[in-house]
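Undergrad: Show me how the following folds:
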Amino acid sequence: MNIQWELVRNNLSSVAVLAFILGFLASRIKTDVRMPEPIYQFISIFLLFGIGLKGGYSLQGLSISDFLAPSIATLLLGSAIPLLAFLLLGLVRQLTEIDRGAIAAHYGSTSLVTFTATLLFLENSYIKVEGFATALLTIMEIPGIVVGIYLGSRHRSKKVRWGDTLREVVAGKTVLLLVGGLLIGVLTTHTGYEKVAPFFIDLQSGLLAFFLLNLGYLAGSNWSEIKGVGMPMGIFAILFPIFTGTLGIVVGNLIGLSLGGAVILGVLCSSASYIAAPAAVSVALPEAKASLALILSIGVTFPFNLIIGIPLYLEIARLLN
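TA: Numbers count the residues shown, from 1 in each chain. The predicted model follows:
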(Lines give C-alpha, C1' and ligand atoms only; values in the text may rest on other atoms or scores of the structure.)
Protein backbone atom coordinates (compact mmCIF):
# COMPACT_ATOMS: atom_id res chain seq x y z
CA MET A 1 0.00 0.00 0.00
CA ASN A 2 1.41 3.37 -1.05
CA ILE A 3 0.65 5.57 1.93
CA GLN A 4 0.38 9.26 1.12
CA TRP A 5 2.77 10.55 3.78
CA GLU A 6 1.54 14.07 3.07
CA LEU A 7 -1.64 13.11 4.94
CA VAL A 8 0.42 11.95 7.91
CA ARG A 9 2.44 15.17 7.89
CA ASN A 10 -0.72 17.26 7.69
CA ASN A 11 -2.21 15.34 10.59
CA LEU A 12 0.97 15.75 12.63
CA SER A 13 0.89 19.50 12.01
CA SER A 14 -2.74 19.88 13.10
CA VAL A 15 -3.33 21.89 16.27
CA ALA A 16 -5.06 18.96 17.99
CA VAL A 17 -2.15 16.55 17.52
CA LEU A 18 0.47 19.18 18.34
CA ALA A 19 -1.42 20.04 21.54
CA PHE A 20 -1.27 16.36 22.57
CA ILE A 21 2.47 16.26 21.86
CA LEU A 22 2.99 19.50 23.80
CA GLY A 23 1.17 18.06 26.81
CA PHE A 24 3.29 14.90 26.62
CA LEU A 25 6.55 16.86 26.43
CA ALA A 26 5.47 19.15 29.27
CA SER A 27 4.98 16.16 31.55
CA ARG A 28 8.41 14.79 30.68
CA ILE A 29 10.15 18.04 31.65
CA LYS A 30 8.04 18.26 34.81
CA THR A 31 5.99 21.30 33.74
CA ASP A 32 2.48 21.01 35.11
CA VAL A 33 0.00 21.96 32.37
CA ARG A 34 -2.85 19.86 33.75
CA MET A 35 -6.30 21.35 33.59
CA PRO A 36 -8.15 21.90 36.85
CA GLU A 37 -10.58 19.00 37.22
CA PRO A 38 -13.73 21.18 36.91
CA ILE A 39 -12.49 22.58 33.57
CA TYR A 40 -11.59 19.09 32.31
CA GLN A 41 -15.09 17.88 33.21
CA PHE A 42 -16.67 20.92 31.56
CA ILE A 43 -14.84 20.31 28.27
CA SER A 44 -15.71 16.60 28.27
CA ILE A 45 -19.40 17.46 28.81
CA PHE A 46 -19.19 20.14 26.12
CA LEU A 47 -17.71 17.72 23.57
CA LEU A 48 -20.15 14.91 24.37
CA PHE A 49 -23.22 17.11 24.14
CA GLY A 50 -21.96 19.12 21.14
CA ILE A 51 -21.11 16.01 19.09
CA GLY A 52 -24.52 14.52 19.93
CA LEU A 53 -26.32 17.76 19.05
CA LYS A 54 -24.58 18.07 15.68
CA GLY A 55 -25.22 14.42 14.86
CA GLY A 56 -28.87 14.64 15.89
CA TYR A 57 -29.49 17.72 13.77
CA SER A 58 -27.98 15.97 10.75
CA LEU A 59 -30.43 13.08 11.26
CA GLN A 60 -33.42 15.28 10.48
CA GLY A 61 -35.08 14.04 7.30
CA LEU A 62 -33.09 10.79 7.27
CA SER A 63 -35.13 7.71 6.39
CA ILE A 64 -34.97 4.61 8.57
CA SER A 65 -33.91 2.50 5.57
CA ASP A 66 -30.76 4.61 5.12
CA PHE A 67 -29.76 4.09 8.74
CA LEU A 68 -30.88 0.49 9.33
CA ALA A 69 -27.94 -1.41 7.76
CA PRO A 70 -25.21 0.82 9.30
CA SER A 71 -26.79 0.56 12.76
CA ILE A 72 -27.07 -3.24 12.60
CA ALA A 73 -23.52 -3.57 11.27
CA THR A 74 -22.21 -1.30 14.04
CA LEU A 75 -24.04 -3.30 16.70
CA LEU A 76 -22.57 -6.57 15.37
CA LEU A 77 -19.06 -5.11 15.18
CA GLY A 78 -19.37 -3.73 18.68
CA SER A 79 -20.21 -7.21 19.92
CA ALA A 80 -17.61 -9.09 17.87
CA ILE A 81 -14.57 -6.89 18.57
CA PRO A 82 -14.38 -7.58 22.34
CA LEU A 83 -14.72 -11.31 21.61
CA LEU A 84 -11.79 -11.12 19.17
CA ALA A 85 -9.73 -9.13 21.70
CA PHE A 86 -10.51 -11.62 24.46
CA LEU A 87 -9.46 -14.58 22.30
CA LEU A 88 -6.23 -12.95 21.12
CA LEU A 89 -5.27 -11.90 24.63
CA GLY A 90 -5.45 -15.58 25.57
CA LEU A 91 -1.99 -15.83 23.96
CA VAL A 92 -0.58 -13.65 26.75
CA ARG A 93 -0.13 -16.19 29.51
CA GLN A 94 0.29 -13.79 32.41
CA LEU A 95 -3.19 -12.33 31.87
CA THR A 96 -6.07 -13.75 33.87
CA GLU A 97 -9.48 -14.23 32.28
CA ILE A 98 -10.77 -11.27 34.28
CA ASP A 99 -8.01 -9.00 32.98
CA ARG A 100 -8.63 -10.17 29.44
CA GLY A 101 -12.31 -9.31 29.82
CA ALA A 102 -11.50 -5.87 31.23
CA ILE A 103 -9.17 -5.07 28.31
CA ALA A 104 -11.69 -6.47 25.82
CA ALA A 105 -14.37 -4.17 27.26
CA HIS A 106 -12.10 -1.14 26.71
CA TYR A 107 -11.31 -2.13 23.11
CA GLY A 108 -14.89 -3.08 22.34
CA SER A 109 -16.06 0.41 23.28
CA THR A 110 -15.07 3.68 21.58
CA SER A 111 -13.12 6.91 22.07
CA LEU A 112 -15.08 10.12 21.64
CA VAL A 113 -11.90 12.20 21.27
CA THR A 114 -10.50 9.96 18.51
CA PHE A 115 -13.89 10.14 16.78
CA THR A 116 -13.96 13.94 17.06
CA ALA A 117 -10.39 14.29 15.81
CA THR A 118 -11.28 12.08 12.83
CA LEU A 119 -14.30 14.23 11.96
CA LEU A 120 -12.09 17.34 11.98
CA PHE A 121 -9.40 15.57 9.93
CA LEU A 122 -11.92 14.49 7.28
CA GLU A 123 -13.51 17.92 7.26
CA ASN A 124 -10.12 19.54 6.66
CA SER A 125 -9.54 17.00 3.88
CA TYR A 126 -12.91 17.96 2.29
CA ILE A 127 -14.27 14.45 2.77
CA LYS A 128 -17.96 14.21 3.66
CA VAL A 129 -19.32 11.92 6.34
CA GLU A 130 -22.86 10.58 6.77
CA GLY A 131 -24.95 12.56 9.21
CA PHE A 132 -25.68 9.50 11.34
CA ALA A 133 -21.99 8.99 12.25
CA THR A 134 -22.57 10.18 15.82
CA ALA A 135 -25.44 7.72 16.20
CA LEU A 136 -23.04 4.92 15.23
CA LEU A 137 -20.66 6.12 17.96
CA THR A 138 -23.48 5.87 20.48
CA ILE A 139 -24.55 2.40 19.28
CA MET A 140 -21.02 0.98 19.56
CA GLU A 141 -20.42 2.43 23.02
CA ILE A 142 -22.49 -0.11 24.93
CA PRO A 143 -22.28 -3.70 23.52
CA GLY A 144 -18.49 -3.86 23.64
CA ILE A 145 -18.45 -3.09 27.36
CA VAL A 146 -21.20 -5.60 28.14
CA VAL A 147 -19.61 -8.42 26.11
CA GLY A 148 -16.15 -7.79 27.57
CA ILE A 149 -17.48 -7.85 31.14
CA TYR A 150 -19.44 -11.03 30.46
CA LEU A 151 -16.38 -12.80 29.03
CA GLY A 152 -14.24 -11.75 31.96
CA SER A 153 -16.73 -12.82 34.60
CA ARG A 154 -17.95 -16.18 33.29
CA HIS A 155 -15.85 -18.45 35.50
CA ARG A 156 -15.42 -16.44 38.66
CA SER A 157 -17.43 -17.22 41.77
CA LYS A 158 -18.46 -13.62 42.43
CA LYS A 159 -21.50 -12.64 40.38
CA VAL A 160 -21.53 -9.45 38.36
CA ARG A 161 -23.94 -6.83 39.63
CA TRP A 162 -25.49 -6.39 36.21
CA GLY A 163 -28.03 -3.86 37.42
CA ASP A 164 -25.30 -1.53 38.72
CA THR A 165 -23.08 -2.22 35.72
CA LEU A 166 -25.75 -1.50 33.10
CA ARG A 167 -26.81 1.59 35.03
CA GLU A 168 -23.18 2.79 34.94
CA VAL A 169 -23.02 2.18 31.18
CA VAL A 170 -26.44 3.39 30.06
CA ALA A 171 -26.96 6.18 32.58
CA GLY A 172 -23.30 7.21 32.64
CA LYS A 173 -22.22 10.61 31.43
CA THR A 174 -20.96 9.45 28.03
CA VAL A 175 -24.10 7.71 26.77
CA LEU A 176 -26.53 10.08 28.49
CA LEU A 177 -25.02 13.22 26.95
CA LEU A 178 -24.54 11.66 23.51
CA VAL A 179 -28.07 10.30 23.36
CA GLY A 180 -29.52 13.44 24.93
CA GLY A 181 -27.68 15.63 22.43
CA LEU A 182 -28.86 13.43 19.57
CA LEU A 183 -32.48 13.69 20.64
CA ILE A 184 -32.30 17.43 21.11
CA GLY A 185 -30.64 17.79 17.70
CA VAL A 186 -33.39 15.74 16.08
CA LEU A 187 -36.21 17.64 17.79
CA THR A 188 -34.95 21.22 17.54
CA THR A 189 -35.80 23.61 14.71
CA HIS A 190 -33.34 25.07 12.25
CA THR A 191 -33.59 28.41 14.03
CA GLY A 192 -32.99 26.81 17.43
CA TYR A 193 -29.93 24.97 16.15
CA GLU A 194 -28.45 28.03 14.46
CA LYS A 195 -28.68 30.02 17.70
CA VAL A 196 -26.48 27.59 19.66
CA ALA A 197 -24.22 26.39 16.81
CA PRO A 198 -21.65 29.20 17.30
CA PHE A 199 -21.01 27.88 20.81
CA PHE A 200 -21.51 24.11 20.62
CA ILE A 201 -20.25 23.54 17.07
CA ASP A 202 -17.83 26.32 16.11
CA LEU A 203 -15.80 26.09 19.33
CA GLN A 204 -15.28 22.32 19.21
CA SER A 205 -11.89 22.45 17.50
CA GLY A 206 -10.39 24.84 20.04
CA LEU A 207 -11.72 23.04 23.10
CA LEU A 208 -10.66 19.70 21.65
CA ALA A 209 -7.08 21.03 21.49
CA PHE A 210 -7.24 21.92 25.20
CA PHE A 211 -8.64 18.48 25.97
CA LEU A 212 -5.80 16.81 24.06
CA LEU A 213 -3.22 18.96 25.84
CA ASN A 214 -4.45 17.46 29.09
CA LEU A 215 -4.54 13.90 27.69
CA GLY A 216 -0.99 14.33 26.40
CA TYR A 217 0.10 15.34 29.88
CA LEU A 218 -1.62 12.29 31.39
CA ALA A 219 0.04 9.98 28.87
CA GLY A 220 3.46 11.48 29.57
CA SER A 221 2.93 11.28 33.33
CA ASN A 222 2.27 7.55 33.05
CA TRP A 223 5.13 6.88 30.65
CA SER A 224 6.91 4.53 33.07
CA GLU A 225 3.75 2.44 33.35
CA ILE A 226 3.32 2.47 29.57
CA LYS A 227 6.85 1.12 29.14
CA GLY A 228 6.10 -1.53 31.73
CA VAL A 229 3.13 -3.14 29.96
CA GLY A 230 5.44 -5.50 28.10
CA MET A 231 6.17 -6.11 24.44
CA PRO A 232 3.22 -8.45 23.72
CA MET A 233 0.71 -5.98 25.17
CA GLY A 234 2.31 -3.06 23.34
CA ILE A 235 2.11 -4.97 20.06
CA PHE A 236 -1.54 -5.82 20.75
CA ALA A 237 -2.39 -2.16 21.47
CA ILE A 238 -1.14 -1.16 18.01
CA LEU A 239 -1.79 -4.12 15.70
CA PHE A 240 -5.24 -4.98 17.04
CA PRO A 241 -6.62 -1.48 16.26
CA ILE A 242 -5.17 -1.69 12.74
CA PHE A 243 -6.92 -5.04 12.23
CA THR A 244 -10.27 -3.93 13.67
CA GLY A 245 -10.04 -0.58 11.87
CA THR A 246 -9.57 -2.40 8.57
CA LEU A 247 -12.46 -4.71 9.45
CA GLY A 248 -14.70 -1.70 10.07
CA ILE A 249 -13.71 -0.15 6.74
CA VAL A 250 -14.45 -3.40 4.88
CA VAL A 251 -17.87 -3.65 6.51
CA GLY A 252 -18.49 0.03 5.79
CA ASN A 253 -17.84 -0.57 2.11
CA LEU A 254 -20.07 -3.64 2.04
CA ILE A 255 -23.04 -1.73 3.48
CA GLY A 256 -22.57 1.17 1.09
CA LEU A 257 -21.06 3.89 3.28
CA SER A 258 -19.19 6.75 1.64
CA LEU A 259 -15.40 7.02 1.85
CA GLY A 260 -15.69 9.23 4.93
CA GLY A 261 -18.33 7.00 6.49
CA ALA A 262 -16.15 3.91 6.05
CA VAL A 263 -13.22 5.73 7.69
CA ILE A 264 -15.43 6.75 10.62
CA LEU A 265 -16.66 3.18 11.11
CA GLY A 266 -13.05 1.99 10.93
CA VAL A 267 -11.99 4.52 13.57
CA LEU A 268 -14.87 3.52 15.83
CA CYS A 269 -13.77 -0.10 15.56
CA SER A 270 -10.10 0.70 16.16
CA SER A 271 -10.44 3.09 19.09
CA ALA A 272 -10.52 2.12 22.76
CA SER A 273 -12.52 3.67 25.57
CA TYR A 274 -10.91 5.45 28.52
CA ILE A 275 -14.04 7.09 29.96
CA ALA A 276 -17.11 4.84 29.86
CA ALA A 277 -15.36 1.45 29.98
CA PRO A 278 -13.16 2.13 33.04
CA ALA A 279 -16.19 3.29 35.01
CA ALA A 280 -18.24 0.20 34.12
CA VAL A 281 -15.35 -2.25 34.62
CA SER A 282 -14.59 -0.82 38.07
CA VAL A 283 -18.14 -1.72 39.11
CA ALA A 284 -18.41 -5.14 37.44
CA LEU A 285 -14.81 -6.42 37.68
CA PRO A 286 -13.23 -4.63 40.65
CA GLU A 287 -10.46 -7.24 40.96
CA ALA A 288 -9.20 -6.61 37.40
CA LYS A 289 -5.96 -4.68 36.87
CA ALA A 290 -7.76 -1.51 35.88
CA SER A 291 -4.58 0.47 35.29
CA LEU A 292 -3.37 -2.03 32.65
CA ALA A 293 -6.42 -1.63 30.41
CA LEU A 294 -6.42 2.15 30.87
CA ILE A 295 -2.71 2.52 30.10
CA LEU A 296 -3.08 0.46 26.93
CA SER A 297 -6.08 2.45 25.69
CA ILE A 298 -4.99 5.99 26.57
CA GLY A 299 -1.22 5.52 26.59
CA VAL A 300 -0.65 3.40 23.47
CA THR A 301 -3.72 3.01 21.26
CA PHE A 302 -5.02 6.56 21.60
CA PRO A 303 -1.78 8.37 20.58
CA PHE A 304 -1.16 5.81 17.82
CA ASN A 305 -4.60 6.41 16.34
CA LEU A 306 -4.39 10.17 16.81
CA ILE A 307 -0.99 10.58 15.15
CA ILE A 308 -0.73 7.71 12.64
CA GLY A 309 -3.94 5.68 12.65
CA ILE A 310 -6.41 8.26 11.32
CA PRO A 311 -4.53 9.00 8.06
CA LEU A 312 -3.66 5.29 7.79
CA TYR A 313 -7.34 4.30 7.92
CA LEU A 314 -8.15 6.87 5.25
CA GLU A 315 -5.53 5.35 2.97
CA ILE A 316 -6.85 1.84 3.65
CA ALA A 317 -10.37 3.04 2.86
CA ARG A 318 -9.19 4.61 -0.40
CA LEU A 319 -7.41 1.40 -1.34
CA LEU A 320 -10.48 -0.74 -0.64
CA ASN A 321 -13.05 1.73 -2.05
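
Undergrad: Would you quantify the distance from residue 290 to residue 271?
TA: Computed as C-beta to C-beta, to the nearest Å, the residue 290 to residue 271 distance reads 19 Å. Where C-beta positions appear, they are placed from N, C-alpha and C, glycine not excepted.

Undergrad: Show me which of the two is the more surrounded one.
TA: Shown here are residue 290 and residue 271; by other C-beta atoms under 10 Å, residue 271 has more neighbours (32 against 17).

Undergrad: For the nearest residue to the more buried one once chain neighbours are set aside, grab the count of nearby residues.
TA: Distances taken as C-beta to C-beta, 6 or more residues apart in numbering place residue 111 nearest to residue 271, at 3.7 Å, with adjacent residues excluded. Residue 111: 27 surrounding residues under other C-beta under 10 Å.

Undergrad: thinking residue 124 is in contact with residue 13, fair?
TA: No - in this structure residue 124 lies outside contact range of residue 13 using C-beta atoms under 8 Å: 10.8 Å.

Undergrad: Neighbour count for these two, which is higher?
TA: Shown here are residue 124 and residue 13; by other C-beta under 10 Å, residue 124 has more neighbours (12 against 9).

Undergrad: Check what pLDDT the more buried one gets.
TA: We have a pLDDT of 85 for residue 124.

Undergrad: Contacts only, for the nearest residue to residue 288 once chain neighbours are set aside.
TA: Nearest residue to residue 288, sequence neighbours excluded (C-beta to C-beta, 6+ apart): residue 102, at 3.8 Å. Residue 102 makes contacts with 148, 149, 152, 281, 285, 288, 289, 290, 292, 293, as judged by C-beta atoms under 8 Å, 6 or more residues apart in numbering.

Undergrad: so which of those residues is the most crowded?
TA: residue 148 (32 neighbours).

Undergrad: Select the helix or strand of the chain having the lowest average pLDDT value.
TA: Here the helix or strand of the chain ranked lowest by mean pLDDT, DSSP states H and E is helix 5-12, holding a mean of 66.

Undergrad: Could you identify the helix or strand that succeeds that helix?
TA: helix 15-28 (DSSP states H and E).

Undergrad: now that following helix: how far from the chain's centre is it?
TA: Relative to the centre of its chain, helix 15-28 is centred 19 Å away, using C-alpha atoms, centre = their mean, to the nearest Å.

Undergrad: Run through who's touching it.
TA: Residues outside helix 15-28 that contact it (C-beta under 8 Å, 6+ apart): 11-12, 32-33, 117, 120, 205, 208-210, 212-221, 223, 303, 306-307.

Undergrad: Filter those residues down to just the ones in helices.
TA: Assigned to helices by DSSP state H, the following of those qualify: 11-12, 117, 120, 205, 208-210, 212-221, 223, 303.
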